[in-house]
Structure formats: structure tokens, C-alpha cells
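> Sequence plus the predicted model coming up.
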Amino acid sequence: RKEVEQDPGPFNVPEGATVAFNCTYSNSASQSFFWYRQDCRKEPKLLMSVYSSGNEDGRFTAQLNRASQYISLLIRDSKLSDSATYLCVVMEYGNKLVFGAGTILRVKS
Amino acid sequence: EPEVTQTPSHQVTQMGQEVILRCVPISNHLYFYWYRQILGQKVEFLVSFYNNEISEKSEIFDDQFSVERPDGSNFTLKIRSTKLEDSAMYFCASTKDSPFADTQYFGPGTRLTVL
């Protein structure tokens, strides 16, 4: 079983759409959870941390369900500049980040 | 805003040669990491480093790999005898405090091509 699983997409959406990404993780002892964004051939950049209480940053909302080992990201009012690969990331013992393979988002005008 | 920097941006080498990839973490950071990403695949953890020693390493990080913090600013990854399958983007990352409470900041990466 993959440690962090994501739907690879691509998700092709028009500008202004709302899009949701899901992720599941296998290690119930994982402590911290993140969404990173990666543009083509660039480094991963932190989008937001994810908490059980849910958190929102502008158009982005992230949610964690520890019981189901499930993480989500909602993007509202999609912009062209949101086009990227979204990486679900889990931190495990030893401070290592475990990455999902990423979900590709393409926002079109 | 402080950044992690990496040099070179692209390294081409012959199979069997040694390469050293260099990173300058953010200046007040204490924890350092190397990750790699083979083209089209996910980012994979290689090694974490704290207080001048390795704290954790993955199965990928075998005897061909080593890390060093030779001075107060640089953090290097050495691959002793490169193989074709070492071709990948190598990302350095750093974090300030206890990583469970802090963000890992990534450098722009070094693209390693082994011929």
C-alpha cells in the first residue's frame, strides 16, 4: 500500500471553479500534515499546514480527518495561476516528509 | 526573505564519477535534509541531519551517499560513484526548530544527469 495516495488527475477546470483534492495516508502515527505546491521542474513550496480543526487561507481550505486518515484541499474561485501540481505531504518519525505523487490542476480561461 | 540556495543548478557527469551537490540552508536553521525527485515521480526523502550527524536516512541513502556540513553555512551531498539511476532533481531543505512544529523550506534543486 502506498504511504500517501492521491488522485493524479489532471483536473481541468475553468477559471472561477471550485475544485477539491483528496489524499489518504497509511501511517496512523504520522504527526504533521501539509499541502505543498510544485510548479513544473521547480521545488515544492508550502501551501498550507493541515489541522484537525480545519484551516483556511484565502481561497484555500484544508481539512484533516485522523480517524479516516484522510486529508483534503479545497480551492475556491480558481485562477490561472493556480495551475500546478498539488502535493499531499505527511511528516513521519525522523522528521522525514513523505510525499504523495501529486495531483495536477489545470485552470483554463 | 531568506532562502535555501543550491549549486550547481545542473550537473552533468559520467557514470562512475563522484559528484558533490552543495546547499546553503537558511542561516539560523538547525535541521537539514536532502530529497530527490526522479523525473515524473514523487519527491523522496534521502536523509536528515542535525547537530553534525545523520538523524534519519532512507533505504535509497546507501554507502554511495554521504552528507557533510564542512563549515557553518554549507551542507553537501556526495555521491561517490554515480549510476544512471541517480539522475534526478536533488532538493535540499532546512527547518529552524523542532520539525514537527516547523516548515521545511526547499531550495531550487540541482538537476543531476548521469550519462
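Happy to help now that I have it. Numbering: from 1, shown residues only, chains lettered A, B, ... in the order given.

> contacting residues around residue A:72?
Counting by C-beta atoms under 8 Å, 6 or more residues apart in numbering or on different chains, residue A:72 touches A:20, A:21, A:22, A:23, A:62, A:63. All C-beta atoms are positioned from the backbone trio N, CA, C, and that covers glycine.

> 7 Å - rerun?
Each residue near residue A:72 by C-beta atoms under 7 Å, 6 or more residues apart in numbering or on different chains is listed here: A:20, A:21, A:22, A:62, A:63.

> Let's see the pLDDT reported for residue A:32.
As predicted, residue A:32 sits at a pLDDT of 89.

> and it, how far is that from chain B?
5 Å (C-beta to the nearest C-beta, to the nearest Å).

> now that residue, nearest residue through space, not along the chain?
residue A:91 (3.9 Å; C-beta to C-beta, 6 or more residues apart in numbering or on different chains).

> before we move on, the earlier item: could you list which of the contacts of residue A:72 belong to helices?
Under the assignment DSSP state H, the contacts of residue A:72 contribute nothing to helices.

> pLDDT wise, what is the residue of chain A found nearest chain B at?
Using C-beta to the nearest C-beta, the closest approach of chain A to chain B is made by residue A:94 at 3.0 Å. For residue A:94, the pLDDT comes out at 75.

> would you list every one of the strands in the chain?
Picked chain A for this. Listed in chain order, the strands of chain A (DSSP state E) span A:4-6, A:11-14, A:19-25, A:32-38, A:45-50, A:55-57, A:60-65, A:70-75, A:84-92, A:96-99, A:103-108.

> my bad, the chain I had in mind was chain B
Under DSSP E, chain B gives strands at B:5-7, B:10-13, B:19-24, B:31-37, B:43-50, B:53-57, B:65-68, B:75-79, B:88-95, B:105-106, B:110-114.

> May I see the ones you listed organised as TSV, with mean pLDDT and mean neighbour count added?
Formatted as TSV, the strands of chain B follow (pLDDT from 0 to 100; neighbours: other C-beta atoms under 10 Å in any protein chain shown):
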stretch	mean pLDDT	mean neighbour count
strand B:5-7	97	17
strand B:10-13	97	14
strand B:19-24	97	19
strand B:31-37	96	24
strand B:43-50	95	22
strand B:53-57	92	14
strand B:65-68	96	17
strand B:75-79	97	19
strand B:88-95	96	24
strand B:105-106	93	23
strand B:110-114	98	18
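
> Select, out of those, the one closest to chain A.
Minimum separation from chain A across the strands of chain B (C-beta to the nearest C-beta) falls at strand B:53-57, 3.0 Å.

> Contact partners for the residue nearest the centre of chain B?
Residue closest to the average C-alpha location in chain B (C-alpha atoms, centre = their mean): residue B:34, at 3.1 Å. Residue B:34 is in contact with B:46, B:47, B:67, B:77, B:90, B:92, counting by C-beta under 7 Å, 6+ apart.

> count of neighbours near the residue nearest to residue A:32?
18 (other C-beta atoms under 10 Å in any protein chain shown).

> isn't it right up against residue B:31?
No - the pair residue A:91 / residue B:31 is not scored as a contact, 11.8 Å apart, by C-beta atoms under 7 Å.

> Adding distance to residue A:70, write the strands of chain B out as CSV.
Formatted as CSV, these follow (distance: least, C-beta to C-beta, whole Å):
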stretch, distance to residue A:70
strand B:5-7, 34
strand B:10-13, 38
strand B:19-24, 34
strand B:31-37, 24
strand B:43-50, 21
strand B:53-57, 26
strand B:65-68, 34
strand B:75-79, 34
strand B:88-95, 26
strand B:105-106, 25
strand B:110-114, 34
